[in-house]
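Student: pasting the sequence and the predicted coordinates here, then a few questions.
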Amino acid sequence: MINIRAARLEDISKISSVIAASWKTAYRGIVNDDYLNSLRSDHWVDFLDSGLGNNSVFSMVIENNQEVIGTAILKETENKCEVCLISLYLLPNKIGQGFGHIFYTGVETELKNKGFSNCILDVLENNKRAIRFYKAHGFIDTDIEIKAVLGECNYTCTILEKTL
């Protein structure tokens, strides 16, 4: 049974664990191995506790048979009709089974229900799988790039956007 719902504070450790596991798989060969190997399952707990606790971010989870298998973290931008998709991750063993499509579709429906009309996100420029996924779901290039620092390495991210 698949369920998509708003994350709760008691989900934080599960969400952090999903993100860490996903990073170690999705970014292998893209992000420095030393950085990936240093990520602990609780790496994002403080960020999530703070962000969800003060409502500066909101999160959704997808459950399969009551197990959290994926998470999305979002933030309203200064333009109140626009939302930034900070992350959308699944457990590595759930990728390629249709859960990503189901989850993204559910997240988008919730964003529309909340009154958002535009969604932006940034993705590492070498993360071709993620770029294909987002473009298959209607995102387009903005030709805007930003720099990101992970560990001691610099990376380039591409900004994608979608009208909801």
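Tutor: Great, that's in hand. The structure displayed is predicted, hence computed values, not measured ones.
Student: so the residue most central in space within the chain is in which element?
Tutor: What sits nearest the mean C-alpha location of the chain, by Cα atoms, centre = their mean, is Ser87, with 1.5 Å. According to DSSP states H and E, Ser87 maps onto strand 82-90.
Student: same check, this time on Thr105
Tutor: Residue-wise, Thr105 maps onto helix 99-113 under DSSP H and E.
Student: counting by contacts, list what that helix packs against.
Tutor: In terms of contacts (3 or more Cβ pairs under 8 Å, 6 or more residues apart in numbering; DSSP states H and E), helix 99-113 is packed against strand 2-6, strand 58-64, strand 67-76, strand 82-90. In this view, the C-beta of every residue, glycine as well, is placed from N, C-alpha and C.
Student: mind putting those strands in a markdown table, distance to Phe47 and mean pLDDT included?
Tutor: Output for the helices and strands packed on helix 99-113, formatted as a markdown table (distance: least, Cβ to Cβ, whole Å; pLDDT from 0 to 100):
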| stretch | distance to Phe47 | mean pLDDT |
| --- | --- | --- |
| strand 2-6 | 18 | 97 |
| strand 58-64 | 11 | 97 |
| strand 67-76 | 9 | 97 |
| strand 82-90 | 10 | 97 |
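Student: now render the ones you listed as CSV, adding distance to Asn126.
Tutor: Output for those, formatted as CSV (distance: least, Cβ to Cβ, whole Å):
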stretch, distance to Asn126
strand 2-6, 29
strand 58-64, 26
strand 67-76, 21
strand 82-90, 17
